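Undergrad: quick one: sequence and predicted model below, then my questions.
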Amino acid sequence: MGPRLLFGYLSAYRKRYTLLVLATVVRTLIALSIPFVLRLAIDSITSGTSSQTLAGYGLLIVLLTLVAGGLHFVRAYGFSHVSRVVEYCMRNDLLAHLQGLHTGFFQTTRTGDLMARLTNDLNAVRQLLGPGVQNFTNTVVSFAITLALMFTISVRLALYAAVLLPVVSLVFISVRRQIERRFTAVQEQFSTLSAKAQENFSGARVVKAFAQEQAWVDHFRQANQEYVDRSIRLARVQSVLWPAMQLVVGLMFATVIWLGGQDVIAGQITLGQYVQFTAYLLQLVWPMIALGWTAQLYQQGMASLRRLEELFETEPGIVGGSLVPPSVRGEIELLDVRFGYRAGPPVLRGVSLHVPPRGSLGIVGHTGAGKTSLVQLLMRLYDASSGQVLVDGLDVRNWQLDELRRAIGYVPQETFLFSDSLAENIADLVWRPEAANSHRPRADEGPAHPHPGRCAVQRRYLHGRADPDGAATGDARPHNGHRLASHLGRARL
């Protein structure tokens, strides 16, 4: 499922990827032509040449280096741009998917875990699509072309160099699963750490009210220490790759210096060819190192992709119907409704009631009696276990969800303000930005509301910003009454 998900996002950029691969091939050919020019220059020195000829070789090397550098910039920018666009699209799709999930999902899923997946895991996927794909393409092209050119110089030296390359693959195979498993453990612990931090910040008032600051600090310290321990275990495995790279490169150069020097002494290859072969070997050093890094990016990216897939594959527990009534009269009827949260006892048992259009009904009861649950059934934040909930004589399960919820003005008992101006909070900027723009008064305008007293209060905080707990970040700080007024304004819009 993972690769198919990526291919779905990358399908729109197939032409761009093809051009970037062609740019990689051209850049590699130009970069590998520099050792050939160097060989000509050295052989011309041994055979006797003029300073003008050597200057020409030098200028040609500079020109080839500039062209190769320019193509390298184009390639690096192109791969990075595609990865950023895919990250942007995937993050938007994830948020849109999460917005469509039912309320029960967010009651069983920690906010910190969702934030970790939308940040760390998405960044790992971007690293795979950007530097990962770029380095893998460069490695494959460089290996193929460089080895072919090395065989044209000396078959024996090229074979000795090629024999050591499978050692790198063996190292990758041996540590691949360890990296993936330990990286997944690190990401999961990061989710736990983020969740604890989020819960501590959101419940700061409760923690302080019960004098539990030190206890929460200790809990967070333990989770943080576990995150450090898992990260160290991951780093311990990852650190094996780089010494392996250095060992293989060192063996290759030792082989070339020993055998290549003997071939030069025996006259089988020229000094220029020996320098050319050594330069080609140097060209393989970075692709070999990048191959180890790419293996890490691949394992980390695929582990993160699986965590993101868990979100994409989560189906909404509540799916709307196709009915869109031409108008809403406001008639509400419940017929023998029963409801309970998950495996708990029923909260509502056999509730039946009828509210005519333009009618009103007050519901009272002790805490936990199901007053809020009954109202949430109207908007299908939850579905009744049995019975029917009717709006205008139509079962709410048959309504389109957006139309049903648009027809209902809802003021929750828990006030919440988004981190934005109160004008945008009141106008529900998250869902209807045009409402915020149309209802925001200018600085020189008086209140356009029939209740000037309330408008004066709202105007005072209109352009201030509020934190999610309802605290304005400017000089004005709305109290509970102001926050409740903003919710009433939302319901009226």
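TA: Right, received. Where do you want to start? Numbering: from 1, shown residues only.
Undergrad: what about residue 226, neighbour count?
TA: Residues near residue 226, counting by other Cβ atoms under 10 Å, number 14. Every C-beta, even on glycine, is put in place using the N, C-alpha and C of the backbone.
Undergrad: try the one 10 residues further on
TA: Summarising burial for residue 236: neighbours were counted as other Cβ under 10 Å, giving 11.
Undergrad: okay, and it sits in which element?
TA: Taking DSSP states H and E as the definition, residue 236 sits inside helix 213-238.
Undergrad: what of residue 303?
TA: Under the criterion of DSSP H and E, residue 303 resides in helix 271-312.
Undergrad: what pairs with the following helix or strand past that helix, parallel or antiparallel?
TA: Later in the chain than helix 271-312, the nearest helix or strand by DSSP H and E is strand 332-340. Strand 332-340 pairs in its sheet with strand 346-355 (antiparallel), strand 386-391 (antiparallel), by DSSP bridges.
Undergrad: could you work out which of those reaches nearest to residue 31?
TA: With Cβ to Cβ as the criterion, residue 31 lies closest to strand 386-391 of the strands paired with strand 332-340, at 69.3 Å.
Undergrad: shaky segments in this structure?
TA: Applying pLDDT under 70 to the chain flags the ranges 1-3, 165-166, 168-174, 176, 245, 343, 415-493.
Undergrad: quick one, domains of it?
TA: Listed by automatic domain parsing, the domain ranges of the chain are 2-312, 332-406, 422-492.
Undergrad: chain center to the first one, what's the gap?
TA: Mean-position distance between domain 2-312 and its chain equals 18 Å (Cα atoms, centre = their mean, to the nearest Å).
Undergrad: tell me the centre residue of the chain?
TA: Most central in the chain under Cα atoms, centre = their mean is residue 122, positioned 1.9 Å from the mean C-alpha point.
Undergrad: looking at the strands paired with strand 332-340, which is buried most?
TA: strand 386-391 (a mean of 17; mean count of other Cβ atoms under 10 Å).
Undergrad: can I assume residue 362 sits in a helix?
TA: No. Looking at residue 362 with DSSP: H, G, I helix; E, B strand; the rest coil, it is coil, so not inside a helix.
Undergrad: burial count for it?
TA: 5.
Undergrad: ramachandran coordinates for it?
TA: phi -100, psi 130 (degrees, to the nearest 10).
Undergrad: so which elements touch the top helix by length along the chain?
TA: When the chain is parsed with DSSP state H, its longest helix is helix 51-99. Other elements packing on helix 51-99 under the criterion 3 or more Cβ pairs under 8 Å, 6 or more residues apart in numbering; DSSP states H and E are helix 2-10, helix 14-47, helix 122-127, helix 133-153, helix 271-312.
Undergrad: dump the domains of the chain to a markdown table, plus distance to residue 412.
TA: Formatted as a markdown table, these follow (distance: least, Cβ to Cβ, whole Å):
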| stretch | distance to residue 412 |
| --- | --- |
| domain 2-312 | 12 |
| domain 332-406 | 8 |
| domain 422-492 | 7 |
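Undergrad: looking at the ones you listed, which is closest to residue 326?
TA: Per Cβ to Cβ, nearest to residue 326 of these: domain 332-406, 10.4 Å.
Undergrad: hang on, the earlier thing: just the angle between the longest helix of the chain and helix 2-10, please?
TA: If you take axes from the mean of the first three to the mean of the last three Cα atoms, to 10 degrees, helix 51-99 sits at 100 degrees to helix 2-10.
Undergrad: for the helix or strand that helix 51-99 is followed by, which positions count as buried?
TA: As assigned by DSSP H and E, the chain's next helix or strand after helix 51-99 is helix 103-108. Buried residues in helix 103-108, defined by neighbour count with 16 or more other Cβ atoms under 10 Å: residue 105.
Undergrad: show residues contacting helix 103-108.
TA: 314, 317, 341, 342, 376, 381, 382 (Cβ atoms under 8 Å, 6 or more residues apart in numbering).
Undergrad: now, of the helices and strands packed on helix 51-99, which is deepest in the fold?
TA: Note that of the helices and strands packed on helix 51-99, helix 122-127 is the most buried (mean count of other Cβ under 10 Å), with a mean of 22.
Undergrad: C-alpha coordinates for that helix, PDB please?
TA: Presented in PDB, the C-alpha positions along helix 122-127 are these (Å, rounded to 0.1, in the frame of the first residue of the first chain):
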ATOM      1  CA  LEU A 122       5.500  13.800   6.900                       C
ATOM      2  CA  ASN A 123       9.000  15.300   7.100                       C
ATOM      3  CA  ALA A 124      10.500  11.800   6.800                       C
ATOM      4  CA  VAL A 125       8.400  11.100   3.800                       C
ATOM      5  CA  ARG A 126       9.500  14.400   2.200                       C
ATOM      6  CA  GLN A 127      13.200  13.400   2.900                       C
END
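Undergrad: that one packs against which elements?
TA: Secondary elements touching helix 122-127 (3+ Cβ pairs under 8 Å, 6+ apart): helix 51-99, helix 271-312.
Undergrad: still on that earlier bit, among the domains of the chain, which comes closest to residue 323?
TA: The closest of these to residue 323 is domain 332-406. By Cβ to Cβ, the value is 4.5 Å.
Undergrad: circling back to that earlier point, next, the angle helix 271-312 makes with the longest helix of the chain.
TA: 10 degrees.
Undergrad: what about residue 196, how many residues nearby?
TA: If we define neighbours as other Cβ under 10 Å, then residue 196 has 18 of them.
Undergrad: okay, and it sits in which element?
TA: Judged by DSSP H and E, residue 196 forms part of helix 165-202.
Undergrad: contacts for whatever helix or strand comes next after that helix?
TA: Later in the chain than helix 165-202, the nearest helix or strand by DSSP H and E is helix 204-209. With contacts defined as Cβ under 8 Å, 6+ apart, helix 204-209 is touched by 200, 213, 216.
Undergrad: list only buried entries from those.
TA: 200, 216.
Undergrad: can you put the contacts of helix 204-209 in CSV and add distance to residue 292?
TA: Putting the contacts of helix 204-209 into CSV (distance: Cβ to Cβ, whole Å) gives the following:
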residue, distance to residue 292
200, 39
213, 45
216, 41
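Undergrad: what is the nearest of the contacts of helix 204-209 to residue 156?
TA: The closest of those, once distances to residue 156 are taken by Cβ to Cβ, is residue 200, at 65.9 Å.
Undergrad: what residues are up against that closest one?
TA: 207, 216, 220.
Undergrad: and the last one, how far is that from residue 110?
TA: Spelled out, that is residue 220. Distance check for residue 220 against residue 110: by Cβ to Cβ, to the nearest Å, it reads 14 Å.
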